[in-house]
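Student: Have a look at this prediction, sequence included:
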Amino acid sequence: MKAKSPKKEKKELKKSQLQEKKDSKPWQKQKKKMNNDVAYNTNKNTGPTSRDDDNLTSLIELSEDIVVDTLKERYQAGAVYTNVGDILIACNPFAPLNWCKIDYFSTYLASDEKIPHVFKVAETVFKALATTSQNQCCVISGESGAGKTETAKMFVRSVVALSNAGKPEGNSKLLENTIVTMNAILEAFGNSKTTTNFNSSRFGQYLGLHFHQHLGLQGAKLTEYLLEKSRVTSQSDGERNFHIFYYLLSGLTSQQKKDVQLTAIDKYSYLGGGSYSSTNMNDAKQSYKALMATMTGTGFDKNEIDEVVLLLAIILHIGNVRFLSSQDGESVKIKDRSSLKSVAELGKVDIKDLETNFCTATTFTRGEKISRNLKLSQAEDSRDALAKAIYARLFAWIVAKLNAHVLPSTELKSWYEIGVLDIFGFEVHQENSFEQLCINIANEQLHFYFNQHIFNWELKDLEKEGIALDSVEFVDNRAILELMFKKPLGFFKILDEETYFPKGTDATFRSKLSKTFKKAPMFNFPKGAPTTFIIKHFAGDVEYECSGFLLKNRDLLPFGLKSMFSDCSVNLLSTLFCASFGPTGAISVSVQPSHPERIISDEALVLIEQKEGAHTVTASKPEPLPTAGKERITRIERFRTSANSFKNNSTKVRFSDEDAKETKRGNTLTVPNTNDKPVKKRSSGNALLSLVRSSSNNNNIGAKDGKKKEEKNINPVGNANQTAKRSVTVSTQFRSSLAHLMVKLSEAQPNFIRCLRPNADRVPQVFDNDIV
């Protein structure tokens, strides 16, 4: 027998090893099968039937293991939704299920046996609004990849369908279509692929649906929070930039690319320089086509869309501007002028001025203009700051345009609101930086808010009613929020101080953290790792890399670049750079109001439906809820079904004038109602209020006899006057955004959906207990 050559033996060995690796992951074969036909142990069209464990509070014995095992059994049987009292747990099915689509909504409402579902939450929230005249909100939380975005879309569609039930086709239906389809625009510009999620939201959004006194849908308002603009210029391994860039380069015709001087995806530094498969290219091309149709139908005219494309092209060209450092390292010059030329021509600015502003920095001291050369790292930072500024401003302008299209066309004397919060989930990557810290602290704040509603207030209610309670323990994450926000030595205060300090570095920042928090149980500073620190979050320990913290927090846009583009002849670009900023970092731009007389086209609806499997539905108007009797029904034991479920008291809720000026008259939060009288909201307790108050100067508001009420301050924002003469840092904007968000949530009665990611491989029917 002829002996095999060493080369052939090596090849066969490698093939054998690959096969063994493949066989060790049976879920890969299962995934291929699931993509063709999801083999859940249930009727694919009608869903699972009602079970005894639909609500986990009905279980005789409760422990962490029992809860997780029950969720696993239900998930593998096709029951992806489970109730825990009045909280809905939604396990991501990672596959399309007909009974989880909006098409099934009417059938679900008509059925006598209603299993746990997002539809049920929407119905309950809408009924509560109808019977209590109190604004509602739905907080959808969970880690990245848990399905929050899809759950939020389903919730909004369901509420809108309930509002339009029984009404003739007309403007209300057209408004519904607009609100539903505008989400495709937000996903294109605000979502991207991450290591845990193919369509991860990289911003938070609060969508408020506005209703008149007869509960007809009148409009909506979208508020965006904390866009991850750093993603524009850099992404971690295995991740991508925002979807829109890939849509753009896949969907533009050859002539359109030529007009904005674009070529292939792998030619742009901000896109990682990697290739893009033909399948992905085709999907992106179809998404671009659907996006253009949707934008046309939601108030964007052709000139505006053309300028949006132009700005995106400018951003890509900015990323390709390269610098050469001088021999002494004290100055730079442009390495390749082709990209510089593209930016100048498309942005309609002078190329010499652009080069000067890229390579030097301009400051003014006592009226005197001073220019200094930039080092290589400074020039690159300046370039990236310009790209991030353009994209962040563009995103804010898009949100403003959408709001102008869906805001109520008439001023309502009284109105109601159902809000839904969809915000990025808790994140842990191989390397975690400033962005992950902000995301995770935002989730800490929401977890605290969740605990306040579900545990603290319920216990206080039971205590007031004289019900004897055994010791009830739960994990309270108040301590970590105090460490992050407290004054004068909270985490963010230290970060800002080092950011402003001329000689501050990431190393000095980490050193101060170590000295300040060395005895704090929530922090850990590993020996031998001088640039890292660990925070013990409610969801687990996360190690953060300090490198780049100060630069990202500073995020300064050089004066010369800002001034140049403010005066450019590209209308949209000039408008964005002339816009003013609010305390949360959001820009204020002037947008002409438009209303759904400019209807989303049938073509756009068809394209969106093909992309998302979405269809419009009709639903029966919900019957009024029965009034609850005197029997006590606790929050943990019931699904909110009573007009007396929500309690109002006379406590005045105190917020800062700046953050609450749109929703506050005097010191009383007002909610429009049928009698057009202010409804005083239930106080969320001192703990929550102190987390959302934006200035320690407001501590005496509402205090009796003019005496300042003593209260421990956990202040996410700090005194605005302290930074009046300084540029606002990203962490300050983050704290202001978080405070603004908590004010919004405090104005409504909360409802909760907690989304779970059953496994890390995005495979149907696989439930990993450790991950859950």
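Tutor: Received the coordinates, thanks. Only a predicted model underlies this, so the values are computations on that prediction, with no experimental measurement involved.
Student: What distance do you get for Ser118 to Ile87?
Tutor: For the record, residue 118 is Val, not Ser. Distance of Val118 to Ile87, given as CB to CB, to the nearest Å: 12 Å. All C-beta atoms are positioned from the backbone trio N, CA, C, and that covers glycine.
Student: The helix or strand containing Glu435: what's the following helix or strand?
Tutor: Per DSSP states H and E: Glu435 is located in helix 434-451. Next helix or strand after helix 434-451 toward the C-terminus (DSSP H and E): helix 457-464.
Student: Mind checking the pLDDT average for whatever helix or strand comes next after that following helix?
Tutor: Proceeding N to C from helix 457-464, the next assigned helix or strand is helix 478-485, under DSSP H and E. Helix 478-485 carries an average pLDDT of 93.
Student: okay, the angle between helix 478-485 and helix 434-451?
Tutor: 140 degrees (axes from the mean of the first three to the mean of the last three CA atoms, to 10 degrees).
Student: Pull out the CA atoms of helix 478-485 and give them to me as CSV.
Tutor: Output in CSV follows, covering the C-alpha atoms of helix 478-485 (Å, rounded to 0.1, in the frame of the first residue of the first chain):
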residue,chain,number,x,y,z
ARG,A,478,-28.5,51.7,45.3
ALA,A,479,-24.9,51.5,46.5
ILE,A,480,-23.4,51.5,43.1
LEU,A,481,-25.5,54.4,42.0
GLU,A,482,-24.3,56.4,45.0
LEU,A,483,-20.7,55.7,44.1
MET,A,484,-21.2,56.7,40.5
PHE,A,485,-23.2,59.9,41.1
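Student: buried residues in that helix?
Tutor: 478, 480-485 (16 or more other CB atoms under 10 Å).
Student: cool, stretch 54-65 as well?
Tutor: 54-56.
Student: Looking at those, spot the one nearest Tyr81.
Tutor: Taking CB to CB as the measure, Tyr81 sits nearest to Asp54 out of the buried residues of stretch 54-65, at 8.6 Å.
Student: where does Ser16 land on pLDDT?
Tutor: Reported pLDDT for Ser16: 49.
Student: thinking again about what came up before, so the helix holding Glu435 versus helix 457-464, what angle?
Tutor: 20 degrees.
Student: And helix 434-451, how far out from the chain middle?
Tutor: 12 Å (CA atoms, centre = their mean, to the nearest Å).
Student: Remind me what it packs against, helices and strands.
Tutor: When contacts are defined as 3 or more CB pairs under 8 Å, 6 or more residues apart in numbering; DSSP states H and E, helix 434-451 packs onto strand 136-141, helix 478-485, strand 532-537, strand 540-545, helix 549-554, helix 685-692, helix 730-746.
Student: can you put these in JSON lines and add distance to Lys388?
Tutor: Compiled in JSON lines, those are given as follows (distance: least, CB to CB, whole Å):
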{"stretch": "strand 136-141", "distance to Lys388": "27"}
{"stretch": "helix 478-485", "distance to Lys388": "24"}
{"stretch": "strand 532-537", "distance to Lys388": "25"}
{"stretch": "strand 540-545", "distance to Lys388": "20"}
{"stretch": "helix 549-554", "distance to Lys388": "10"}
{"stretch": "helix 685-692", "distance to Lys388": "27"}
{"stretch": "helix 730-746", "distance to Lys388": "10"}
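Student: Kind regards, and thank you for your time.
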